[in-house]
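# Just a sequence and a predicted model for now, questions to come.
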Amino acid sequence: MASPLIRTIQTACLGFGDVLNTRPDVKFILVPFAQEIANQPCDIGYPQAELKQKIAAWLAQENLGFGIGRMDWSLVEDGWNSKAGPYAATLEAVNARAAVLRATLYAHPSEAVVLVTHGAFLHFFTADWASFDGSKGTGYENCEFRKFTWEAENGDGYHLKEVGGAKIKMGRPPGVYAHVLEGIEMVEGQNPRQIKVGNGKI
């Protein structure tokens, strides 16, 4: 699965091209709920028809052995890139779509799912900011791979737990992402780019 922004589609194609070429049973689903949190130009995708054209041209140039027909586009609905409704750049909307995506993956019949998504969104998706670094806007590096499993948490359903990660999950520090999301508290005198929560080794 991948966010339908061009960079995540490209990462999925390049990182898992061998699997996509040799395992027709492995589905490649584009998931708009996994898109990045902000409404900045780099985080706004293209309508499906235009996106297909751009990805088809890129795949032809890269010669990876498959085309856009290898991808399941059924979730890339009109308005997926509108940054409105469930895709809005608000704390409420991002929390809601992260929760829906967690529930969707928990109920997914596959034994394992690979999700190619974005650093800021991953903190909401995992509900963990233990490694958050404000200078980067995330605790994740480009193309970093982390493994998660499911666990019961406080009798409140199932949540993601990083395998080999922090022993204690940390919530979102006050003010984090206030510069890109509506509905987040502003913290006087705090520069969100200077917030460093930890290193994930608690």
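In hand now; what should we look at?

# all helices of the protein, in order?
Ranges of helices in the chain, per DSSP state H, are 6-15, 17-22, 48-62, 91-107, 119-126.

# relative to helix 91-107, how tilted is the last one?
Just to be clear, that refers to helix 119-126. Orientation check (axes from the mean of the first three to the mean of the last three Cα atoms, to 10 degrees): helix 119-126 against helix 91-107 gives 60 degrees.

# same check, this time on the third one
Counting by the same axes, to 10 degrees, helix 48-62 points 60 degrees away from the direction of helix 91-107.

# Return the set of buried residues in helix 48-62.
Buried residues in helix 48-62, counted by 16 or more other Cβ atoms under 10 Å: 48, 51-52, 55, 59. The way it works is simple: take the backbone N, C-alpha and C, and place the C-beta from them, glycine included.

# Ok, the fourth one next?
Using 16+ other Cβ under 10 Å as the burial criterion, the residues of helix 91-107 that qualify are 91, 93-95, 97-98, 101-102, 105.

# Adding distance to residue 173, write the residues you listed out as a markdown table.
Putting the buried residues of helix 91-107 into a markdown table (distance: Cβ to Cβ, whole Å) gives the following:
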| residue | distance to residue 173 |
| --- | --- |
| 91 | 13 |
| 93 | 20 |
| 94 | 16 |
| 95 | 15 |
| 97 | 21 |
| 98 | 17 |
| 101 | 22 |
| 102 | 21 |
| 105 | 26 |
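
# Let me see the mean pLDDT of stretch 20-31.
Mean per-residue pLDDT for stretch 20-31: 96.

# With distance to residue 39 and pLDDT added, can I get the buried residues of helix 91-107 in JSON lines?
Compiled in JSON lines, the buried residues of helix 91-107 are given as follows (distance: Cβ to Cβ, whole Å; pLDDT from 0 to 100):
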{"residue": "91", "distance to residue 39": "13", "pLDDT": "97"}
{"residue": "93", "distance to residue 39": "11", "pLDDT": "97"}
{"residue": "94", "distance to residue 39": "11", "pLDDT": "97"}
{"residue": "95", "distance to residue 39": "16", "pLDDT": "95"}
{"residue": "97", "distance to residue 39": "14", "pLDDT": "96"}
{"residue": "98", "distance to residue 39": "16", "pLDDT": "95"}
{"residue": "101", "distance to residue 39": "19", "pLDDT": "95"}
{"residue": "102", "distance to residue 39": "22", "pLDDT": "93"}
{"residue": "105", "distance to residue 39": "25", "pLDDT": "93"}
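
# list the contacts for the nearest residue to residue 35 once chain neighbours are set aside?
In space, and not counting its chain neighbours, residue 35 is closest to residue 3: 4.7 Å by Cβ to Cβ, 6 or more residues apart in numbering. Taking Cβ atoms under 8 Å, 6 or more residues apart in numbering, we find residue 3 in contact with 9, 30-32, 34-36, 116-118, 121.
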